[in-house]
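S.K.: structure for the following, please:
(chains A and B)
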Amino acid sequence: MIEKKLEKIKNETILKIENSESIKQLEEIKVGILGKKGELTSILKSLGSLSNEERPKVGKIVNMTRGNLEKLLNNKREMLKEEALKNSLIEETIDVTMKGKAPKLGKVHPMTSVIDEINTIFLGMGYETADGPEIEKEYYNFNALNIEENHPARDEQDTFYLGNGFLLRTQTSPVQIRKMEEGKLPIKIISPGRVFRADEVDATHSPSFHQVEGLVIDENISMAYLKGTLEAFAKELLGEKTKVKFRPHHFPFTEPSAEMDVTCFVCNGVGCKVCKYEGWIELLGCGMVHPKVLEMSGIDSKKYSGFAFGMGLERLAMLKYEIKDLRLMYENNVNFLKQF
Amino acid sequence: MNIPMSWLKDYINIDCSIKEFEDRLTMSGSKVEKTEEVAKDIKGVVVGKILKIEQHEDAERLVVCQVDVGTEKLQIVTAAKNVFEGAVVIVSLVGAVLANNFKIKKGKLRGVASEGMFCSVEELGFKISDFPESDPEGIYIFKDEAEIGTCAKEALMLEETIVEFEITSNRADCLSVLGIARETSATFNIPFKKKEIVVKEGLKEKIEDIIKVTVESEYCNRYTARVIKNVEVKESPLWMRRRLVSAGIRPINNIVDITNYVLVEYGQPLHAFDLSKVDGREIIVKDSEKKEKLMCLDGIEREIPEKTIVIRDINKTLAVGGIIGLENSKVENNTVDILLECASFDGTNVRLSSKALALRTDSSGKFEKGLDREQNIEVINRATALIEELGKGKTAKGIVDVYKNKQKVSKVKFEYEKINKLLGTDIEESDMIAILKRLELEVVDGYVVMPSFRENLKIMEDIAEEVGRIYGYDNIPTVLLSSGSTMGIISKEAKVHKIIKSIMTSLGSYECKNYSFEGEGVFDKLNIIEDSSLRNAIKILNPLGKEFSIMRTTTLNGMLTSLSANYNKQVEKCNLFEMGKIYLPKQLPIEELPVERNILTIGMYGNGDFYTIKGMIESILEKLNIEDVKFVADKNITYLHLGRSAVCHINGERLCEVGEVHPTVLENYGIKSRAYVAEINVDLLVKYANLENKYKELPKYQNSTRDISITLKENIEVAEIENVIFEKGGKNLENIELFDVYQGEQVEKGYKSVAYKLSFRAKDRTLTEEEINSPMKKIIKNLEDKLEGTLRS
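M.R.: Residues are numbered from 1 along each chain as shown, chains lettered A, B, ... in the order given. Modelled structure (predicted):
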C-alpha cells in the first residue's frame, strides 16, 4: 500500500518538477514534498505504525525516493538559474560595433620616428649616440673638418653666421670632432640632430633640417668595413632585399670619399616615380676620415684610421613616407602628424 | 657640365652603349646626371628647294610652293612669309614626326593639296636662339650649303647625345671635353687620342714687336698671348655652332665662338681683344687700386672693387681678369686684328672678385676651381689654329709667355701596402701601378708623379681613392665590423627624452617641430615685458628674413603658431608637444657658446583645461620619480591668464611655467578658444629623474579611511588645506584624496566646501579606532583654527 502511494507521489512530483518554470515554483514543490508538512515527511512520520519487519524496508524506499527527488530538484534549480542568468545577459546586450573609448593616442613627429629607427639599428651594432651644440664655433664646423678659410662651403649663402666666429652648424660633424678631441678610442658614435643652411623655404628645401652622422675610429679600419657597415644599415632600415652601390665622390673631410645609393625601396629597383625611374636612390655620403682631420683632433693618423658617413633625414622621411612637400614637416597640422 | 658625345669621340674611340658609358663613368667618379638624345625622335625631315611660288587662289595669307625634295617634286601650301623661289628649306614629308610627337599628314589647305610642311627649328624642338641665322618669324632657310634631298637632321647636325655630368669640386680638370675623355680612357682602359696642333704663324712680324706685356699682379700666375691679324669676323661654321649650343653656349661670332669652343674643350678660358683698341700697344696685368665703374661687354655697367685683377693698356682698363671683358675692347664685326689672351689667374682671388661683383661667368667658374697652368701654350695654339682656319687670320711669330708662379710637380710616396690596408683590398703592386698609369699617374723611383692637371693629389689617401675608383668600389670587399670592441650606449638624457615623448603620445599629444629661429616681433606678440631677459636673443647676421632673424629664447611662439595654424584649418581640438632647444646667450654679442636648453612645450585647445595640462606634467614627474614638485600660483607670467597660471621649482631651479594663455596673446595669434601651454625645462628633468626604481613592500594590513568635508573661504588654496592635513595627520596618514569641491546653493557665497578621503595605515598592525580618531580631531581643529573652516556634518 505504502509503496504504491510512494510511487504515485514520486511520479506526480517528477512531473511537477519538469513543468516548473521558476525557482520559486521549485521551492513550493520542495516544501510540498520534503517540508515539515510535506507528503514524504508525513509518510516518514507514519513509519512508526509499521511492523518491525516492514519498517526498514519501507524506510529505505522513502529515503531513496527523497534522495532522487532532491537530486532532480537540484538539477532543475541549476538549469533554471543558468537560464535566468542567460536571459539577464541577453537583456544587457550592447552594440559592439560602436567605437572604443580608450583615450586617443598621439604620435611622434615623422623625424623622430626616423631618428629612433636609425638609433636603434646603430645601437645594436654597438654605437653610442652623441650630441653637441647647434650653435657652433667656425673652427668645429669648418677648419677642423679640413674646410679651409676660402672654401666655397663657407659662403654666406650656405651658412648662417652669428658673429665672433660663431655660426649655426651646417652639419652634425662638429659633434664628431668634439668626440675625437676627448681622445677616448676606439670611437663608434652616431650623432643625429638639427642643422641649418641658408636655403629659402620651398617644397624640397628648409633652412633647418635634420641629419645623422656616424663615425668609427680604431686601428685597422678600412673601406671594406665602411661598406660592410653601411650595407648592413641599409638592409636593416629599408629591408633585406635592398642593394647598395658606392660611387666615388668628394668631401673635404674624407679621402677616399663615396656616395651610397640604395635600390629604390618603393619599386625595389625596377624604376618608379619616387626614384625618377632610375631604380636607385642616393642615400648618404661617406668616406675614410681624412688624416688631416684626425691629426687636427689629436689622433695619430699613422696608428688609427676610421670612416664617417652622414645623411639628411627629411629627404629620407619624404621618400619613405612619400611626402611631397617638405613644408608639411614644420606646419604641424594635426591631420598630417596623425599619419605617422 | 654638358658633354656632346660627338665631340668626345674626337678624342676617344668609344663605341659602347650610352647606358654602359653612363654607368661606368658614374662608378669611376664622374657622375652622369642625365643624358639627352637630341632630335632622336624626329623623322621624315629632308632638305628641299622651293622652285616656284604662287598665290593661293582662296586665301590671301597662303602661298602654294613647288618643292624639290631630291627624289620627287611636292606641292606644299604654307603661310610662312619668308619663303622665296630658290630658298633651301626643311621639309617635313607626309608621315614625318616632329617635336612633341607631332605627325605630318597629307592635307588640303583651303582646297589645295599640301604634301608636307616647311619647318622652323622650333618645330624640331630647338630654340630660335640656338640658330642665330634663323628667321625668328618664319621657317628655317639654309644659309650653309645643304644637298637637296638629304636628311635635314644631318644637314643641320641636329642629332646629338648630350651627357650631363656632376663634377665634384676637386676635379676642375674634368670640366672639359678633354678631361672627360681622359676619364673615359682611364675607366675603359682605351687610349686617348690627342690632336696635333699646327699654328702657321703666317705673318712676318714678331709678337714682341707688336705688343708688350707686363704682369704686376701676384695673382696672375701665367699670362700667354698671341696676335692674329687680318681676321674675318663672321658667323662660325654650323658644326661649331651646334657643338657650342649642345654644350650650353650661345654662338656669337667666329672669334668669340672659338674662345668658347676651346674653353669647353680644355676647360681653360681665353679672351680676345680688338688689338686696335689697345692703346700704346701695351698690356699691364695688375690689381686694381681703387673702385671703378666700367661698362662690361654684356652691356651692363659694374663697379669693379679694389684688389681685383685687371687687364689694362696704358690708358684704361680692358678686362676684369678671369671674369669678363669690357665693352671698350671687345671683338666686333669690323675687328681686323686680335690679341688673344690665355692666362692663369689665382682661383681664390677670382672667386672673391666674382662674388663682390655678383657676377659668375663661364670663365670665373673655371678659374675659381684652379686650373692647370702647364696647358696654356697648347690651349692658345689650339685657338690660334682655329682662328687661322675659320677666320682666315695670319698669326704673328711667337708667343708672349709671362710665367711668374710656376706650378710645382706634385709627388707622393708610392706605398701600395698602405693603400691596400686603407681600402681593405689585396691588389698586386704591378696591378696598382697599371691602374695609376691609366690615369697618367706614373710611378717613378718609388713615387707617384702627377700630371700637371692632377695637382690636387697630395697624400697617400688621395692616391688610394684613385686606385679604388678605377679598381672599382664595387670590387672592394664588404666586411662587417664586429661589435665586440664597443657597447651601444643610450645616455640618461636620451632615455628621459624618449620617456617624455612616450608619455606625451600616450596622453594623446602629437609631436610637432618648429624652427629654432624667429622674428624679434614675437616678444610683443607674446606680451613679454620690455626688460625681460628673454628679449636678449642671439641675432643671425645673415638671416633669410626678419621673421627668421633671432635664435629663440622661448618656444611659445612656435607652439602658439602651430596651434593657430590648426585652429585656422578648423581643427576642433588640438593637443601638441614639442621637444626642442632654446638658446640663451651668456653675453651679447656672444663670446662663448650659449646655453642650449632642451624644452618640452605642451600646447592645447578645445580639449581639457588647466588641470588637463597640469596632469600631463604630473604624469611625467611620476614616471621619472621626481617627487615633491609643488605648483605655485604666479600672477606675473605676462603671457598667461593671471588667475590660471603656475610655476614649479626643483631645488630652487625653475622647472616649468604652465597655464591658460592670456586672452590678448590668444588674440595676437588669432585663436578664438581658450588654450593652455606649458614650458618645461627638460634638462632639469634629466638631472633629477630617478630611473632606478626600488621595490617597496606591499602593505600587509588593511587601511582605514575617513571622509571629511569642510567649508572655508573660496580663496584658500587646497594646497594650504593639504599642508594642514599632512602636518597634523601623524605618521600613519598614508594618503589623501580630494574628491569634491563644491560652491553653490548649499554653501554661503564667498565660501566653498571641499571633501577629502583620508587613508590611514600602519606597517605592522591594524590601527585602533583611537589611533585614527586622535589625528582626525587634530586635523579638524587646525583646519578650523588656522583656516577658519567649519566641519560640515
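S.K.: helix, strand or coil for B:Met240?
M.R.: Secondary structure, DSSP: H, G, I helix; E, B strand; the rest coil: B:Met240 is helix.
S.K.: list the buried residues in the helix or strand of chain A with the lowest mean pLDDT.
M.R.: None of the helices or strands of chain A scores lower by mean pLDDT, DSSP states H and E than helix A:39-45, at a mean of 81. Neighbour counts using 16 or more other C-beta atoms under 10 Å in any protein chain shown place A:Glu39, A:Leu40, A:Thr41, A:Ile43, A:Leu44 of helix A:39-45 among the buried residues. Using the backbone N, CA and C atoms, a C-beta is placed for each residue, glycine as well.
S.K.: just name the closest of those to B:Lys34, please.
M.R.: Nearest to B:Lys34, judged by C-beta to C-beta, of the buried residues of helix A:39-45 is A:Leu40 at 105.3 Å.
S.K.: gap between that closest one and chain B?
M.R.: 49 Å (C-beta to the nearest C-beta, to the nearest Å).
S.K.: who touches that residue in this structure?
M.R.: A:Ile9, A:Ile33, A:Leu34, A:Val62, A:Thr65, A:Arg66, A:Leu69 (C-beta atoms under 8 Å, 6 or more residues apart in numbering or on different chains).
S.K.: distance of the closest residue to the third one other than its chain neighbours from A:Leu6?
M.R.: Spatial nearest neighbour of A:Leu34, chain neighbours left out: A:Leu40 (5.8 Å); criterion: C-beta to C-beta, 6 or more residues apart in numbering or on different chains. Here the distance between A:Leu40 and A:Leu6 works out to 8 Å (C-beta to C-beta, to the nearest Å).
S.K.: list residues touching both of the two?
M.R.: Joint contacts of A:Leu40 and A:Leu6 (C-beta under 8 Å, 6+ apart) are A:Val62, A:Thr65.
S.K.: so where does whichever residue of the stretch 101-250 of chain A sits closest to chain B fall, helix or strand?
M.R.: The stretch 101-250 of chain A approaches chain B most closely through A:Ala224 (2.7 Å), counting by C-beta to the nearest C-beta. Using DSSP states H and E, A:Ala224 falls within helix A:223-238.
S.K.: what are the buried residues along stretch B:375-389?
M.R.: Per 16+ other C-beta under 10 Å, stretch B:375-389 contains these buried residues: B:375-388.
S.K.: actually stretch B:618-637, not the one I typed
M.R.: Buried, per 16+ other C-beta under 10 Å, within stretch B:618-637: B:Ile620, B:Leu621, B:Leu624, B:Ile626, B:Phe631, B:Ile637.
S.K.: the closest residue in space to the last one that isn't next to it in sequence: what's it in contact with?
M.R.: Spatial nearest neighbour of B:Ile637, excluding adjacent residues (C-beta to C-beta, 6+ apart): B:Ser645 at 4.9 Å. Under the criterion of C-beta under 8 Å, 6+ apart, the contact list for B:Ser645 reads B:Ala633, B:Asp634, B:Lys635, B:Ile637, B:Glu657, B:Val658, B:Gly659, B:Glu660.
S.K.: quick one: the strands in chain A?
M.R.: A:128-129, A:135-137, A:161-163, A:166-168, A:187-196, A:208-219, A:244-251, A:254-263, A:280-289, A:304-312 (DSSP state E).
S.K.: where does the residue in the stretch 51-200 of chain B that chain A sits nearest to sit: helix, strand or coil?
M.R.: Taking C-beta to the nearest C-beta as the measure, the stretch 51-200 of chain B has B:Thr168 as its residue closest to chain A, at 3.5 Å. For B:Thr168, the assignment made with three-state DSSP gives coil.
S.K.: for the spatially closest residue to it that is not a sequence neighbour, what are its contacts?
M.R.: Once flanking residues are discounted, B:Thr168 sits nearest to A:His250: 3.5 Å by C-beta to C-beta, 6+ apart. Each residue near A:His250 by C-beta under 8 Å, 6+ apart is listed here: A:Ser257, B:Thr168, B:Ser169, B:Asn170, B:Arg171.
S.K.: from A:His249, how far off is the second one?
M.R.: Right, the one you point to is B:Thr168. 6 Å.
S.K.: kindly report the same for B:Asp41.
M.R.: Separation of B:Asp41 from A:His249 (C-beta to C-beta): 34 Å.
S.K.: neighbour-wise, which of those two wins?
M.R.: A:His249 (23 against 12; other C-beta atoms under 10 Å in any protein chain shown).
S.K.: helices of the stretch 201-350 of chain B, residue ranges please.
M.R.: Assigned by DSSP state H, counting those that start in this stretch, the stretch 201-350 of chain B shows helices spanning B:207-210, B:238-246, B:254-266, B:347-357.
S.K.: just those: most buried one?
M.R.: helix B:254-266 (a mean of 24; mean count of other C-beta atoms under 10 Å in any protein chain shown).
S.K.: list the contacts of that one.
M.R.: B:7, B:176-178, B:231-237, B:240-241, B:243-244, B:247, B:249, B:251, B:268-272, B:331, B:335, B:338, B:340, B:362-363, B:366, B:375, B:378-379, B:382-383, B:386-387, B:390-391.
S.K.: stretch A:109-119 too?
M.R.: Under C-beta under 8 Å, 6+ apart, the answer for stretch A:109-119 is A:108, A:129, A:190, A:192, A:210, A:212, A:233, A:237, A:313-314, A:316-317, A:320-321, A:323, A:329, A:337, A:340, B:490, B:494, B:498, B:501, B:510-513.
S.K.: for ChimeraX, what selects the buried ones among those?
M.R.: In ChimeraX, a selection of the buried entries from the contacts of stretch A:109-119 looks like this (16+ other C-beta under 10 Å):
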select /A:108,129,190,192,210,212,233,237,313,314,316,317,320,323,329,337,340 /B:494,498,501,510,511,512,513
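S.K.: which one of the strands of chain A lies nearest to B:Met551?
M.R.: When those are compared by C-beta to C-beta, strand A:135-137 sits nearest B:Met551, at 7.0 Å.
S.K.: pLDDT score for the most far-flung residue of chain A relative to its centre?
M.R.: When distances are taken from the C-alpha mean of chain A, A:Ser51 lies farthest, 84.7 Å away, according to C-alpha atoms, centre = their mean. Per-residue pLDDT puts A:Ser51 at 81.
S.K.: same thing with A:Arg66?
M.R.: In this model, A:Arg66 carries a pLDDT of 86.
S.K.: ok, so of the buried residues of helix A:39-45, who is nearest B:Gly202?
M.R.: Using C-beta to C-beta, these come closest to B:Gly202 at A:Leu40, 149.1 Å.
S.K.: residues in the stretch 1-150 of chain B within reach of chain A, list them.
M.R.: B:Thr26, B:Met27, B:Ser28, B:Gly29, B:Lys31 (C-beta under 8 Å from any C-beta of the partner chain).
S.K.: quick one, what contacts the second one?
M.R.: Contacts were defined as C-beta under 8 Å, 6+ apart; by that measure B:Met27 touches A:Lys245, A:Arg247, A:Pro248, B:Arg469, B:Gly472, B:Tyr473, B:Asp474.
S.K.: tell me which two of those residues sit farthest apart.
M.R.: Longest span within the contacts of B:Met27, C-beta to C-beta: A:Lys245 and B:Arg469, 13.1 Å.
S.K.: mind splitting the chain into its structural domains?
M.R.: Went with chain A since none was named. A:2-91, A:110-337 (automatic domain parsing).
S.K.: wrong one, I was asking about chain B
M.R.: According to automatic domain parsing, the ranges for chain B are B:2-39+B:161-188, B:43-158, B:207-403, B:411-475, B:492-688, B:704-791.
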